[in-house]
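Trainee: Sequence unavailable; structure follows:
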């Protein structure tokens, strides 16, 4: 895999991280539970750190890092559902939307890991992938524990 291909893979993950950050911040504003608010803000901050780490990798391989998520990316990620909810929004519905967003992130990281990434890049992408899986599973478990 040449550096241009590595940059494309990493920039797609940068967009995924930025969209996750925006989505989790939006979710934090909507939930009634202070525990969920704190969790979502913590995840949003980790997304911020993740995209910073990926941007540094892009620069390391000689590329130009994307510095934005896009509206179309956010829609694909599933966060648009949060913004489209009108009226009473309960924590269960927000957790469901967050889980959907993390499903998309998991898919994007799987796709990235299917590429022939250099070892120094792969180790970071694998670690971030494990974080995404852990976030997904925690959100799913919290959603299952919250009644409608």
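Mentor: That came through fine. Worth saying up front: this structure is predicted, and the values here are computed from it rather than measured. Residues are numbered from 1 along each chain as shown.
Trainee: OK, contacts around the residue most central in space within the chain?
Mentor: By Cα atoms, centre = their mean, the chain has its centre lying nearest to residue 20, at 3.5 Å. With contacts taken as Cβ atoms under 8 Å, 6 or more residues apart in numbering, residue 20 has the following neighbours: 43, 44, 47, 77, 101, 102, 105. From N, CA and C alone the C-beta is placed, and that goes for glycine too.
Trainee: of these, closest to residue 124?
Mentor: residue 47 (14.3 Å; Cβ to Cβ).
Trainee: List the contacts of the closest one.
Mentor: Contacts of residue 47 (Cβ under 8 Å, 6+ apart): 17, 18, 20, 21, 24.
Trainee: rerun at 10 Å
Mentor: 16-25, 69, 105, 128, 131-132, 135 (Cβ atoms under 10 Å, 6 or more residues apart in numbering).
Trainee: Verify the contact between residue 42 and residue 25 for me.
Mentor: No: with contact defined as Cβ atoms under 10 Å, residue 42 does not reach residue 25; the gap is 11.1 Å.
Trainee: of the two, who's got more company?
Mentor: Neighbour count, other Cβ atoms under 10 Å: between residue 42 and residue 25, residue 25 has more, with 17 against 13.
Trainee: Just the pLDDT at that one, thanks.
Mentor: At residue 25, the pLDDT value in this model is 93.
Trainee: Nearest spatial neighbour of it, chain-adjacent residues omitted?
Mentor: Residue nearest to residue 25 in three dimensions, not counting chain neighbours: residue 44, with 4.8 Å by Cβ to Cβ, 6 or more residues apart in numbering.
Trainee: returning to what we had before: out of the contacts of residue 20, the closest to residue 63 would be?
Mentor: Nearest member of the contacts of residue 20 to residue 63, counting by Cβ to Cβ, is residue 47, at 20.5 Å.
Trainee: The helix or strand harbouring the closest one - what's its average pLDDT?
Mentor: According to DSSP states H and E, residue 47 maps onto helix 34-60. Across helix 34-60, the average pLDDT comes to 95.
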